[in-house]
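Student: Got a predicted structure plus its sequence, pasted below:
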Amino acid sequence: MISDKVYLDYAASTPVDSRVIDAMLPYFDQHFGNPSSTHFYGQKAEAAIENARETIARALNCNPYEVVFTSCGSESDNLALRGAAWASRQERGADHILISPVEHHAVSHTAQQLADLFEFELEYLPIDEFGMVRPDTVAELLRPSTAIVSVIHANNEIGTLNPIAEIGTVCQEKGVPFHSDSVQGAAHLPVDVQELNVDLLAIGAHKFYGPKGVGALYVREDIKLQPSQTGGSQELGRRAGTQNTPYIVGMGEAFRLVQAEHNQRHDQALAMRIRIIGHVLEEIPDVVLTGHPSERLSNHASFAFKDVDGNNLLMLLDVEGFACSSGSACKTGNPEPSGVLTALGLSPDWGLGSLRVTVGKDTTPLEVDKFLEVLPLAIEKVRKINHR
């Protein structure tokens, strides 16, 4: 990591843990066989993949055959929605999809495509002022024709945690498959799929100090899933393609570590999150915290500043040596607030000024203090630019 820079964008990606790299290295040049091959080299690779599958299954509290390896969290979400929706239509003629309006694009764009190209009916669940879905609203909107429900575990943009276990119970009572995108959540929360009452759950390795380009999808054994990528018989026919052995090994080790070190990482991150939120709300005028004040990711602080261009703010912070992110999407000649902030009801004069600050396991309190010294000055400068 660049020594004079401070990385505060761990919700976007994390550095690969050195212990994960060590676990991966032999599978690039020593145990390089195709895991579908029957000879020694293939058997060695296949054994490594199955060991990683068992490691992840233990953490998820499921059977190893319920873990499907994919190329990333987004593919896991894609496979869950398409696979379950298609299977539900084939089995019982279901054509209704329920999602929240604050899903990651991997879910929302997939659901929209199912509506546009495959004639599913897409309906959005109401959310409260914190971006949270209530179980009773799910119960009200479920139909016999609902093919799948998808509600994000922990929101990547505003950090809010949803009551997944309660929503899962509602869906189970109606016999409707329930999916949750836990790509953010799995890095910071227990993900026991039995306690969460989910049928499908997506995770991605690069959010918890594993490599980019590998993810997994939990699929409860009685859930029918039509594959969206066909070819070979890998992953019990649910996802064709030669498995990425070193990355899968890395994901298994990274997931083992994040579970083993959960308490230490959680407490450290929470202390810094509380410090960031408290300081910003006290020291900077015209600011609101986005997302739930307490039911949120331990490492996640997000804000909306009135009359601030979020992209200008990010550039100024970058010049000062701090890497953060914003929820606003800057389109050519037409900057707009993100869909998540719009769903929360923020007007453009607030929604365009979003900032997400996420700390990691190696972030120090000194780095946070330095950031908090710079941020008020940066906000003041950007506001002056906007008023010219």
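Tutor: Everything's here; your move.

Student: wait, doesn't L189 sit right on L161?
Tutor: Yes. Contact status for L189 versus L161: in contact at 7.4 Å, counting by CB atoms under 8 Å. (Each C-beta comes from the backbone N, C-alpha and C, glycine too.)

Student: More neighbours: those two, which one.
Tutor: Taking neighbours as other CB atoms under 10 Å, L189 and L161 compare with L161 leading, 24 against 18.

Student: pLDDT-wise, which helix or strand of the chain ranks last?
Tutor: Every helix and strand of the chain was ranked by mean pLDDT, DSSP states H and E. The lowest is strand 329-331, at a mean of 45.

Student: give the contact list for V20.
Tutor: Y209, G210, P211, G250, E253, A254, L257 (CB atoms under 8 Å, 6 or more residues apart in numbering).

Student: which element is it on?
Tutor: helix 18-24 (DSSP states H and E).

Student: Heading C-terminal from that helix, find the next helix or strand.
Tutor: helix 26-29.

Student: Let me see the ranges of the strands in the stretch 101-250 of the chain.
Tutor: Applying DSSP state E, counting those that start in this stretch to the stretch 101-250 of the chain gives strands spanning 121-124, 146-150, 178-181, 200-204, 215-219.

Student: Which elements pack onto the second one?
Tutor: With contacts defined as 3 or more CB pairs under 8 Å, 6 or more residues apart in numbering; DSSP states H and E, strand 146-150 has these neighbours: helix 73-92, strand 96-99, helix 164-174, strand 178-181.

Student: Quick one: closest of the strands of the stretch 101-250 of the chain to N61.
Tutor: strand 215-219 (9.7 Å; CB to CB).

Student: Mind listing residues that contact the closest one?
Tutor: 56, 60, 62, 66-76, 79-80, 183, 193, 198-205, 225, 238, 251.

Student: Low-confidence regions, the stretch 201-350 of the chain specifically.
Tutor: 327-335 (pLDDT under 70).

Student: Kindly reformat the strands of the stretch 101-250 of the chain as TSV containing mean neighbour count and distance to T363.
Tutor: Putting those into TSV (neighbours: other CB atoms under 10 Å; distance: least, CB to CB, whole Å) gives the following:
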stretch	mean neighbour count	distance to T363
strand 121-124	16	35
strand 146-150	26	31
strand 178-181	30	24
strand 200-204	30	20
strand 215-219	28	24
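
Student: burial of the closest residue to T230 other than its chain neighbours, as a residue count?
Tutor: In this structure, T230 finds its nearest non-sequential neighbour in A240, 5.3 Å apart by CB to CB, 6 or more residues apart in numbering. By other CB under 10 Å, 14 other residues sit near A240.

Student: Contact partners for A240?
Tutor: With CB under 8 Å, 6+ apart, A240 has these contacts: P227, Q229, T230, G231, G232, S233, Q234.

Student: Find the pair from the residues you listed with maximum spatial separation.
Tutor: Farthest pair in the contacts of A240, by CB to CB: Q229 and S233, 12.2 Å.

Student: what about these two, which has more around it?
Tutor: A direct count of neighbours by other CB under 10 Å for Q229 and S233 places Q229 higher, at 18 against 9.

Student: S76 versus that one, what's the distance?
Tutor: 12 Å (CB to CB, to the nearest Å).

Student: hmm, back to that, how about the helices and strands packed on strand 146-150, which one is nearest V6?
Tutor: helix 73-92 (25.5 Å).

Student: Highest mean neighbour count across the helices and strands packed on strand 146-150, which stretch is it?
Tutor: strand 178-181 (a mean of 30; mean count of other CB atoms under 10 Å).

Student: Could the C-alpha coordinates of that strand be exported in PDB?
Tutor: Extracted as PDB, the C-alpha positions of strand 178-181 are listed here (Å, rounded to 0.1, in the frame of the first residue of the first chain):
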ATOM      1  CA  PHE A 178     -35.600 -16.100  -0.700                       C
ATOM      2  CA  HIS A 179     -32.200 -14.700  -1.900                       C
ATOM      3  CA  SER A 180     -29.900 -12.300  -0.100                       C
ATOM      4  CA  ASP A 181     -26.900 -10.500  -1.500                       C
END
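
Student: Please name every helix or strand in contact with that strand.
Tutor: By 3+ CB pairs under 8 Å, 6+ apart, strand 178-181 packs against helix 73-92, helix 105-118, strand 146-150, helix 164-174, strand 200-204.

Student: Name every strand pairing with that strand and say which way it goes.
Tutor: strand 146-150 (parallel), strand 200-204 (parallel) (DSSP bridges).

Student: what residues does it touch?
Tutor: 73, 77, 80-81, 84, 103-104, 106-107, 148-153, 162, 164, 167-168, 171-172, 196-202.

Student: Identify each buried residue in the host helix or strand of R275, please.
Tutor: R275 is part of helix 262-283 when elements are defined by DSSP H and E. Using 16 or more other CB atoms under 10 Å as the test for burial, helix 262-283 gives R265, H266, Q268, A269, M272, R273, R275, I276, I277, H279, V280.

Student: and of the residues you listed, the nearest to T363?
Tutor: M272 (6.3 Å).

Student: separation between the closest one and Q30?
Tutor: 40 Å.

Student: L257 too?
Tutor: 22 Å.

Student: ok, the two, which is more surrounded?
Tutor: When neighbours are counted by other CB under 10 Å, L257 comes out ahead of the other of L257 and Q30, with 19 against 10.

Student: what residues are up against that one?
Tutor: If you count contacts by CB under 8 Å, 6+ apart, then L257 has D17, R19, V20, F208, Y209 around it.
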